[in-house]
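Trainee: Sequence and predicted model, in that order:
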Amino acid sequence: LVRRRFNVYLDAAAPFDNAAREVVDNAFDQVQKGRAETVTITLHSDGSLEVSDDAGTLPTAWQTTPKGAANGIVIALGTLGSSTNYGNATGAGTNGIGAAAANALSTRFAVEVVRDGKRYVQSFSKGVPGTFDGEKFTEKAPAKLVGEKTDKANRTTIHLWFDYSVAPEVPQLDGDLLIYRARMSALVTEGARLVVRDLRGRDTDLSGTFEGDYGVEPLASYALGVKDAAHVLTANVGFTGGSNKAATLDLAVYAATSPDTVALSNSVYTPEGGSHVTGALNGVTRALAERVSRLRGLGLAKGENPPEAKDFADCLAVAVSMRAPDVRYTGQHKNGVSDSHLARTLAEVVGKEVTTPDGVGVVWDLNVIRETVRVRIQKGDGSEIKDFPVADVQWAGANRPAPVREAPVNVPAVPAAPDEPEAPLEAATPAEEGAGVRPKPEVPAIDSDAQSRRRATKERSGHGRQQGGEQKPRQDANPPRTDGAKGKNGRLGKP
């Protein structure tokens, strides 16, 4: 079924990229759960792909199903169903079909599990379990796997050879793009160690070991190419996600000559953005607009209004990483997040009950730049609106985290009084005043090479951060990252 209708289960325009990414996502899930530390990706010279993690938790035991008995590997990877290895409340493989779909699109799919001194193996061809004798395949799989004794450390390894005849009209696996995505996943997965072995024999070798420098700021450096750009803020927002469970969103915001965004959800790169990006941008741009509206000396022409939220959206580079339960993706390809409730939750905290040093009240507004929460507190028959530091405000309810826990880096101090005079910006020229144009301070440029790589990646995924709601046509593009550069001291995020 998957081979005939792969577009139902995978990205129709890039099914092999999507299938390979699902296998890699499952490996990173093990790191998120604390079961593994290292994810190894090998691009072989024969075009095959090998992905392993050092958890060794893929189930192998005999199990019964409505269709009969089978070993755990067949149940987990040979059927379109979820498994204990790939189901995770805030993980990437929650739908349980990605690795099985990759299996169905492969002429050969070899699985090795090493756990507690025993080695278990299972092979598949085109999704059917069996055994290989050289190139000859026999459709037969033991219901119970007998582990061979070994002194190898625990690990799960999947080695696959895609069957490109299933969809000859679409691009084959883009190994460079796979590594690019994997490096971003490693950047936002605390404690992850990514090992890349590029055996394709090309002039550009992507091999390397990448670890450390975790978070959205290294992510912005790697994916957006921010170098000397003015850093606006870094924030960590706590909110309630699906099933009323706690979730978090980290973002780093930089001034830029043109808008750009890199976003991940549960370590999965989402080139189409979506609700987590919309919510983050709405909240940040609104706070910036509110802050600027209080400043003096902006050099505005007579009758001209100060910048609005949409004006800031046009000159910000933003890196977003969300971890939330029950994320609603735009499709099986997971290129975007679609959840209007999530967007509203991230953008708005008004109307939420909080506890302040002066009593219980309702949030009136939140300013992430000034690090204050404005709360309306009931006083007898009336009410009082008062600002409190973020650290002094707590959500009501045991399951509610603090609304925001900012950690601004290199952010200039903000005066306490909103009407305190500030140094004026550079005065506008007469021509600018006559045209009603606001003077703009110079903004350090973003790394053009990084922007080119980002643009190529978004084009291949069929999406960019659009203006006016226009959608970029999907097209084949060169890999976003082909220089194979290692970071300083082999660390991630410093290409």
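Mentor: Noted; the coordinates are in hand.
Trainee: With adjacent residues omitted, what lies nearest to E384?
Mentor: Closest residue to E384 in three dimensions, ignoring its sequence neighbours and counting by Cβ to Cβ, 6 or more residues apart in numbering: I377, at 5.2 Å. The C-beta positions use only the backbone N, C-alpha and C, and glycine is treated the same way.
Trainee: Wait, a strand at that neighbour?
Mentor: Yes: when the secondary structure is assigned by DSSP: H, G, I helix; E, B strand; the rest coil, I377 falls within a strand.
Trainee: So in terms of bridging, what pairs with it?
Mentor: The bridge-partner assignment for I377, based on DSSP bridges, gives G361, E384.
Trainee: For it, give me its contacts.
Mentor: Contacts for I377 were tallied using Cβ atoms under 8 Å, 6 or more residues apart in numbering; they are 356, 358-361, 383-386.
Trainee: Now tabulate those in CSV and tack on neighbour count.
Mentor: Supplementary listing: the contacts of I377 in CSV, determined by neighbours: other Cβ atoms under 10 Å:
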residue, neighbour count
T356, 18
D358, 13
G359, 11
V360, 12
G361, 25
S383, 14
E384, 13
I385, 12
K386, 16
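Trainee: just to revisit the earlier point, ok, the residue nearest to E384 to R193 distance?
Mentor: Taking Cβ to Cβ, to the nearest Å as the measure, I377 and R193 are separated by 49 Å.
Trainee: what's the answer for D151, then?
Mentor: Computed with Cβ to Cβ, the distance linking D151 and R193 is 22 Å.
Trainee: Compare neighbour counts for these two and give me the winner.
Mentor: R193 (18 against 7; other Cβ atoms under 10 Å).
Trainee: Now do the contacts for the more buried one.
Mentor: Contacts of R193 (Cβ under 8 Å, 6+ apart): 37-39, 186, 209-211.
Trainee: quick revisit: just put the contacts of I377 in CSV and tack on pLDDT and distance to G98.
Mentor: Formatted as CSV, the entries for the contacts of I377 read as follows, by pLDDT from 0 to 100; distance: Cβ to Cβ, whole Å:
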residue, pLDDT, distance to G98
T356, 81, 45
D358, 85, 50
G359, 81, 49
V360, 79, 45
G361, 75, 45
S383, 72, 51
E384, 81, 53
I385, 81, 49
K386, 85, 50
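Trainee: now the helices for this protein?
Mentor: Assignment of helices within the chain using DSSP state H yields the ranges 6-9, 15-32, 72-77, 98-104, 175-187, 216-219, 275-292, 309-313, 340-347, 430-435, 448-461.
Trainee: Please look at Q172 and F16 and confirm they touch.
Mentor: Yes: with contact defined as Cβ atoms under 8 Å, Q172 and F16 form a contacting pair (5.9 Å).
Trainee: Need the overlap of contacts for the two.
Mentor: Taking Cβ under 8 Å, 6+ apart as the contact rule, Q172 and F16 both touch 162, 164.
Trainee: more crowded one of the two?
Mentor: Per other Cβ under 10 Å, whichever of Q172 and F16 has more neighbours is F16, with 25 against 13.
Trainee: is it true that the more buried one touches L105?
Mentor: Yes: contact between F16 and L105 holds when scored by Cβ under 8 Å: they sit 6.8 Å apart.
Trainee: Are there residues contacting both of the two? Which ones?
Mentor: Residues touching both F16 and L105 (Cβ under 8 Å, 6+ apart) are F162.
Trainee: Got the confidence number for the residue lying closest to G72 once chain neighbours are set aside?
Mentor: In space, and not counting its chain neighbours, G72 is closest to P59: 3.2 Å by Cβ to Cβ, 6+ apart. In this model, P59 is scored at 84, pLDDT.
Trainee: Check the one 3 residues further on too.
Mentor: Each residue has a pLDDT score; the one for W62 is 75.
Trainee: Just confirm it contacts N71, I think it does.
Mentor: Yes: W62 sits in contact with N71 when judged by Cβ under 8 Å, with a separation of 5.9 Å.
Trainee: Compare those two (neighbour count), which wins?
Mentor: The residue with the greater number of neighbours, taking W62 and N71 and applying other Cβ under 10 Å, is N71; the counts read 22 against 14.
Trainee: Point to the helix or strand of this structure where mean pLDDT is at its lowest.
Mentor: One helix or strand of the chain scores below all others by mean pLDDT, DSSP states H and E: helix 430-435, with a mean of 40.
Trainee: Residues in contact with stretch 132-143: which ones?
Mentor: Residues outside stretch 132-143 that contact it (Cβ under 8 Å, 6+ apart) are 62, 68-71, 74, 78, 108, 110, 122-123, 125, 128-131.
Trainee: quick one on the thing from earlier: max pairwise distance over the contacts of I377: which two?
Mentor: Taking Cβ to Cβ as the measure, the contacts of I377 span a maximum distance of 14.3 Å, between V360 and I385.
Trainee: so how far is T278 from the closest residue to T40 other than its chain neighbours?
Mentor: When the adjacent residues along the chain are set aside, T40 lies closest to V195, with 4.3 Å between them (Cβ to Cβ, 6+ apart). Taken as Cβ to Cβ, the spacing of V195 relative to T278 amounts to 35 Å.
Trainee: which regions of the stretch 1-150 of the chain sit below the pLDDT cut-off?
Mentor: Applying pLDDT under 70 to the stretch 1-150 of the chain picks out residues 1, 65-69, 78-97, 141, 143.
Trainee: For it, which segments count as strands?
Mentor: Under the criterion DSSP state E, counting those that start in this stretch, the stretch 1-150 of the chain contains strands at 38-43, 49-53, 62-65, 68-71, 106-115, 118-125, 128-133, 136-138, 148-149.
Trainee: out of the contacts of I377, who's nearest I179?
Mentor: Closest approach between these and I179, by Cβ to Cβ: T356, at 48.1 Å.
Trainee: Quick one: residues contacting that closest one.
Mentor: Taking Cβ under 8 Å, 6+ apart, one finds 375, 377, 386, 388, 392-393 in contact with T356.
Trainee: Flag the shaky bits of the stretch 151-300 of the chain, pLDDT-wise.
Mentor: Within the stretch 151-300 of the chain, the segments meeting pLDDT under 70 span 235-245.
Trainee: what do you get if the cut-off is 90, keeping everything else the same?
Mentor: With pLDDT under 90 as the threshold, the stretch 151-300 of the chain has low-confidence stretches at 166-167, 204, 212-213, 226-253, 255-258, 273-300.
Trainee: hang on, D250 packs against V216?
Mentor: Yes: D250 is in contact with V216 according to Cβ under 8 Å; the separation is 4.7 Å.
Trainee: ok, those two, which is more surrounded?
Mentor: For D250 against V216, the residue with the higher neighbour count under other Cβ under 10 Å is V216, and the figures read 25 against 21.
Trainee: Run through the residues that contact that one.
Mentor: By Cβ under 8 Å, 6+ apart, the contact list for V216 reads 188, 234, 250-252, 319-321.
Trainee: Which one of the residues you listed is nearest to S258?
Mentor: A319 (15.4 Å).
Trainee: which residues does the closest one form a beta bridge with?
Mentor: Taking DSSP bridges as the rule, A319 bridges to A252, V262.
Trainee: Need the pLDDT of it.
Mentor: We have a pLDDT of 93 for A319.
Trainee: For N282, see how far away it is.
Mentor: 16 Å.
Trainee: who has more neighbours, these two?
Mentor: A319 (30 against 17).
Trainee: hang on, the more buried one packs against A256?
Mentor: No: with contacts defined as Cβ under 8 Å, A319 does not count as touching A256, sitting 11.5 Å away.
Trainee: where do the contact lists of D250 and V216 overlap?
Mentor: 188, 234, 320-321.
Trainee: Please report how far the closest residue to D116 other than its chain neighbours lies from D133.
Mentor: Setting aside the residues directly before and after it, D116 is nearest to N154 in space (Cβ to Cβ, 6+ apart), at 7.3 Å. Applying Cβ to Cβ, one obtains 28 Å for the distance of N154 from D133.
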